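Visitor: Pasted the sequence and its predicted model underneath.
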Amino acid sequence: SLDLSQPIIDRALFHVDNAYYLPAVRLTGRVAKTNLASNTAFRGFGGPQGMLVIEEIMDRVARTLGVPPEIVRERNLYHGTGETNTTHYGADVGDNRGQTMWRMVMEQARFAERRAVVAEWNRTHPRVKRGLAVTPVKFGISFTLSHYNQAGAFLNIYQDGTVQVNHGGTEMGQGLQTKILGVAMRELGLPASSIRMMRTSTDKVPNTSATAASASADLNGAAVRAACQTLRDRLAPVAAKLLAEAVGAALRRDGNADTVANRGVKPLLQPEEIVFGDGFAFARSKPDARVSFAVVCKRAYVERVSLSATGYYATPGIHWDWKTVSGRPFAYYACGAAVAEVEVDGYTGMSRVIRVDIVHDVGDSLNPGVDRGQIEGGFVQGMGWLTSEELKWDPQGRLLTHSASTYQIPAIGDAPMEFNVTLLPEAANAKAVHGSKAVGEPPLMLAISVREAIRDAVAAYGAPGLLRQGSEGQGGQVPLASPATGEAVWRAIQGRTWVRSAISGF
């Protein structure tokens, strides 16, 4: 496969800060050739790896100082103003709602109250421990390769008022077609039954960008909107004429023909007064007088008005130069926060997720159902990455974990027992179509909260004598491998040297 190591490490370096202000940091990324089969990346494309680095640092700092990790994390969040809202590569985070979501999720999850409950549980249960953690996410939205940030669309309207929509994005189960459908419905004022979403085809929309980087709804949605606006502008004068004819006919029908003919009453409308909605065209000032969209389209065809249009969109204002280490690589940032509670068995190292609370910023959602599905699915997928999906190779570089029996992805039974997702309200984003925000990749990294909760549970088994003692469950650093498989967690528990005498059977 194509070697994508460079863009992956680029995004990893961009996201080493996650949601934290780093006033002094120097980062160097290097890639290396190995004897392993080539492969690629997805959902985060380097971002998750970079964020894992800073979250490891945050936890080590906290436990070395004997301070709860959530306190260290909160103190270091981007503040939302001035220098403390500037990334380590000099970009302003912009409309940063990270601290707002942090406070919301802490309150909704009743974090402080549950921290005390977890501590009491751990005091009275020597074998099974629980852990609680909260982590943020801040993910840059755009391709780091700037020229990928463009998209096209091609729309056809038929005489019966139905619409065919073509765009450059690929539907792969993420709900892209549903979101683009919503954009076209809103722009043309039509029901879903009047719009046909077509599969991506380069004979309709050439030179498509990859469906990736969480940007497909932003790019293709904006291109479709542009095409819709072109068609709307063409249809508005036709609709104005039809409505004027209808008003004139009504006046004559009511016996006011002399008013129309002799007194200079001209029931004319300007195109900018026309609104398309609910399958009709009408004037803002006279919403009760309306004509169907199909009738408008039929008249437009008769009057030789083009009913096909292309749309194009290129994300403005983004560029990056690695030679000068300057520019703005992302259009905006998608943020969120998650609280996770887990339970760990000291005999086996196996863990289960008891509860997850998420607050995530999707702007003015194009489709709340799709966005919730992406958040839940991305989170569970991230759980798999961090807790069970372990890749192993033999000395010759042959993959050993190549089947469902050896490479463990999450099943329905691995999903959180209680899963609460809140979309941040009143969060319009001026930099994307209809005020929305991307949602594909960021939720995966919220699953870091599960790994940190597992670490918190491991810490509750005790602290090695050579490391600094802190509050209960916070004593000293807690090394934990990724993925935190049952075996890795068991070994981490074994590393808590005195724990063997605390758990019967070891």
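Guide: Everything's here; your move.

Visitor: Just list the residues touching residue 323, thanks.
Guide: Contact criterion CB atoms under 8 Å, 6 or more residues apart in numbering gives no residues in contact with residue 323. (Glycine included, C-beta is placed from N, CA and C.)

Visitor: can you check residue 478 too?
Guide: 59, 63, 455, 458, 459, 492, 496.

Visitor: what about the helices in the stretch 1-150 of the chain?
Guide: 5-14, 47-65, 69-75, 98-108, 111-124 (DSSP state H, counting those that start in this stretch).

Visitor: And for the chain?
Guide: All helices of the chain, identified by DSSP state H, fall at 5-14, 47-65, 69-75, 98-108, 111-124, 176-188, 216-253, 257-262, 293-302, 368-387, 442-446, 448-459, 486-494.

Visitor: Tell me which of those sits nearest to residue 427.
Guide: Residue 427 lies closest, by CB to CB, to one member of the helices of the chain: helix 98-108, at 9.1 Å.

Visitor: elements contacting the closest one?
Guide: Using 3 or more CB pairs under 8 Å, 6 or more residues apart in numbering; DSSP states H and E as the contact criterion, the elements in contact with helix 98-108 are strand 128-141, strand 332-345, strand 351-360, strand 418-423.

Visitor: Turn the helices of the chain into TSV, including mean neighbour count, mean pLDDT and distance to residue 32.
Guide: TSV is the format used below for those (neighbours: other CB atoms under 10 Å; pLDDT from 0 to 100; distance: least, CB to CB, whole Å):
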stretch	mean neighbour count	mean pLDDT	distance to residue 32
helix 5-14	20	94	8
helix 47-65	20	97	14
helix 69-75	18	98	31
helix 98-108	19	97	34
helix 111-124	14	98	41
helix 176-188	22	98	35
helix 216-253	21	90	31
helix 257-262	12	49	82
helix 293-302	19	98	59
helix 368-387	21	98	21
helix 442-446	29	98	24
helix 448-459	28	98	25
helix 486-494	19	95	24
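
Visitor: any chance of those helices in a markdown table, plus distance to residue 87?
Guide: Formatted as a markdown table, the helices of the chain follow (distance: least, CB to CB, whole Å):
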| stretch | distance to residue 87 |
| --- | --- |
| helix 5-14 | 8 |
| helix 47-65 | 12 |
| helix 69-75 | 17 |
| helix 98-108 | 12 |
| helix 111-124 | 27 |
| helix 176-188 | 28 |
| helix 216-253 | 20 |
| helix 257-262 | 65 |
| helix 293-302 | 46 |
| helix 368-387 | 22 |
| helix 442-446 | 16 |
| helix 448-459 | 19 |
| helix 486-494 | 32 |
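
Visitor: Among those helices, which comes closest to residue 344?
Guide: Using CB to CB, the nearest of the helices of the chain to residue 344 is helix 448-459, at 4.1 Å.

Visitor: and the angle from the closest one to strand 351-360?
Guide: 140 degrees (axes from the mean of the first three to the mean of the last three CA atoms, to 10 degrees).

Visitor: centre of the chain versus helix 448-459, how much separation?
Guide: Centroid displacement of helix 448-459 relative to its chain, using CA atoms, centre = their mean, to the nearest Å, is 23 Å.

Visitor: ok, now stretch 443-460?
Guide: 20 Å.

Visitor: same thing with stretch 284-301?
Guide: With CA atoms, centre = their mean, you get 38 Å for stretch 284-301.

Visitor: and the end-to-end length of it?
Guide: 24 Å (CA to CA, to the nearest Å).

Visitor: could you dump the helices and strands packed on helix 98-108 to a markdown table with distance to residue 292 and mean pLDDT?
Guide: Output for these, formatted as a markdown table (distance: least, CB to CB, whole Å; pLDDT from 0 to 100):
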| stretch | distance to residue 292 | mean pLDDT |
| --- | --- | --- |
| strand 128-141 | 39 | 98 |
| strand 332-345 | 39 | 98 |
| strand 351-360 | 40 | 99 |
| strand 418-423 | 35 | 98 |
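
Visitor: export those strands to CSV and tack on distance to residue 151 and mean neighbour count?
Guide: Compiled in CSV, the helices and strands packed on helix 98-108 are given as follows (distance: least, CB to CB, whole Å; neighbours: other CB atoms under 10 Å):
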stretch, distance to residue 151, mean neighbour count
strand 128-141, 14, 26
strand 332-345, 17, 26
strand 351-360, 24, 24
strand 418-423, 25, 16
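
Visitor: need the contact list for residue 269.
Guide: Here residue 269 is in contact with 240, 243, 244, 283 (CB under 8 Å, 6+ apart).

Visitor: and the protein, what are its domains?
Guide: With domains defined by automatic domain parsing, the chain comprises 90-144+322-501, 150-314.

Visitor: need those domains in CSV with distance to residue 72, can you?
Guide: As requested, the domains of the chain are arranged in CSV below (distance: least, CB to CB, whole Å):
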stretch, distance to residue 72
domain 90-144+322-501, 11
domain 150-314, 28
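
Visitor: Those domains: which one's closest to residue 14?
Guide: domain 90-144+322-501 (6.0 Å).

Visitor: Quickly note the distance from the nearest residue to residue 338 once chain neighbours are set aside to residue 335.
Guide: Nearest non-adjacent residue to residue 338, counting by CB to CB, 6 or more residues apart in numbering: residue 446, 3.9 Å away. Remark: distance between residue 446 and residue 335 (CB to CB, to the nearest Å) = 10 Å.

Visitor: Identify the contacts common to the two.
Guide: 137, 360.

Visitor: Please identify which of the helices and strands packed on helix 98-108 is closest to residue 119.
Guide: strand 128-141 (9.1 Å).
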